[in-house]
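In: quick one: sequence plus predicted model below, questions after.
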Protein chains: 2
Amino acid sequence: MDKKEEASKKIRQVFNKMAMLNASIMASELSEYTPSEVHVIEFIGENNQANVTKLAQGLYMTKGAISKISKKLIAKGAIETVKKSDNKKEVYFLLTDKGQEVFDTHKSLHDSFEKRDEQVFEDVTDQEYARIIEIMEKYSGHLDKEIEKSGLEM
Amino acid sequence: MDKKEEASKKIRQVFNKMAMLNASIMASELSEYTPSEVHVIEFIGENNQANVTKLAQGLYMTKGAISKISKKLIAKGAIETVKKSDNKKEVYFLLTDKGQEVFDTHKSLHDSFEKRDEQVFEDVTDQEYARIIEIMEKYSGHLDKEIEKSGLEM
């Protein structure tokens, strides 16, 4: 196995491990909501004038999937729809007080995960972070082109 | 935003983008199987004497979740159970021909994703890969301790 392969395998393993640990903790603290529902709540809480189109683009999901999830969240009382007085056609989502509580719990769990893992990265230098950012920007641009080529509605 | 925060945000964004693109392609090529089912097939295809316990440990899922998925895969004809002649208690899983086809399709899609993204990493040096491996090993050890502390059955 060359260094590249080894690094890519290790990243995948660590990512899976971290995702599973964090997901278990999230699931026990936010047991009434699926991960997708929490992601939709997170997006609405962080973005002004969130609608189905913006959610689909931001979360890389189809509009159909977003519609389903948002209907469930309305039924659970976590989000509500609003229309502007000068444009009755477009529907936007807002968090209710209950949704805001979910948002806050999710955010504070995320912060606690970051704090928990801080020590792992204490000796990573700013120069190393800058290099990571450079590679990630290249990767992101490459993926945008591939998504366009694939013709997927994401 | 400091370099660390920026890097961690960028990694998250790129990972989500990549996961969603790859998941869409997987879903269209392997439309009869959920991602979890494909992961179970992958694990059984790569590991000798896979049983519920080994699958749960390897995929960081509960034994209950693995049992559910394996029942579905048996119903779909992708895996079958075997017992050793000298130990009738323990049940192992094997891929059927149909399961092997799913395994091969999944593997070849993974290879194609790697090839597709190769150019992004062409200028990453062996020294940089070695540093990534070092950080990932530290992270992995840290997460193992956290999983133990959490008392989660994973």
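Out: The structure has been received and is ready for your questions. Numbers count the residues shown, from 1 in each chain, chains lettered A, B, ... in the order given.
In: list the contacts of the spatially most central residue of chain A.
Out: Closest residue to the average C-alpha location of chain A: residue A:39 at 5.1 Å, with CA atoms, centre = their mean. Residues touching residue A:39, when contacts are defined by CB atoms under 8 Å, 6 or more residues apart in numbering or on different chains, comprise residue A:59. For every residue, glycine as well, the C-beta is placed using N, CA and C.
In: give me the distance between it and residue B:86.
Out: Applying CB to CB, to the nearest Å, the value for residue A:39 to residue B:86 is 49 Å.
In: same question for residue A:61.
Out: Distance from residue A:61 to residue B:86, counting by CB to CB: 50 Å.
In: pick out whichever of these two has more residues nearby.
Out: Each of residue A:61 and residue B:86 has its neighbours counted (other CB atoms under 10 Å in any protein chain shown); residue A:61 has more, 20 against 5.
In: let me know the secondary structure of the more buried one.
Out: Assigned with DSSP: H, G, I helix; E, B strand; the rest coil, residue A:61 falls in the coil class.
In: can you verify my assumption that residue A:11 contacts residue B:137?
Out: No: assessed by CB atoms under 8 Å, residue A:11 is found out of contact with residue B:137, at 11.1 Å.
In: those two: who's more crowded?
Out: Counted by other CB under 10 Å, residue A:11 and residue B:137 do not tie: residue A:11 has more neighbours, with 17 against 13.
In: and that one, what helix or strand is that in?
Out: In this structure, residue A:11 is located in helix A:3-29 according to DSSP states H and E.
In: give the next helix or strand downstream of that helix.
Out: Note on helix A:3-29: by DSSP H and E, the next helix or strand toward the C-terminus is helix A:35-46.
In: buried stuff in that next one?
Out: Neighbour counts using 16 or more other CB atoms under 10 Å in any protein chain shown place A:36-45 of helix A:35-46 among the buried residues.
In: nearest to residue B:23, of the residues you listed?
Out: Within the buried residues of helix A:35-46, the smallest distance to residue B:23 is 12.6 Å, found for residue A:36 (CB to CB).
In: how near is residue A:116 to residue B:139?
Out: 11 Å.
In: thinking again about what came up before, out of the buried residues of helix A:35-46, which is nearest to chain B?
Out: Proximity of these to chain B (CB to the nearest CB) peaks at residue A:39, which lies at 9.5 Å.
In: chain center to the biggest strand by length in chain A, what's the gap?
Out: With DSSP state E applied, the strand covering the greatest number of residues in chain A is identified as strand A:87-95. In terms of CA atoms, centre = their mean, to the nearest Å, the centre of strand A:87-95 is set 22 Å apart from its chain centre.
In: ok, residue A:116 and residue B:139, which is more surrounded?
Out: The residue with more neighbours, out of residue A:116 and residue B:139, is residue B:139; 21 against 16, by other CB under 10 Å.
In: list the contacts for that one?
Out: When the contact criterion is CB under 8 Å, 6+ apart, the partners of residue B:139 are A:14, A:18, A:117, A:120.
In: return the set of buried residues in the one helix or strand it maps to.
Out: Here residue B:139 sits within helix B:126-150, counting by DSSP H and E. Under the neighbour-count criterion of 16+ other CB under 10 Å, helix B:126-150 has B:128-129, B:132-133, B:135-136, B:138-139, B:142-143, B:146-147 buried.
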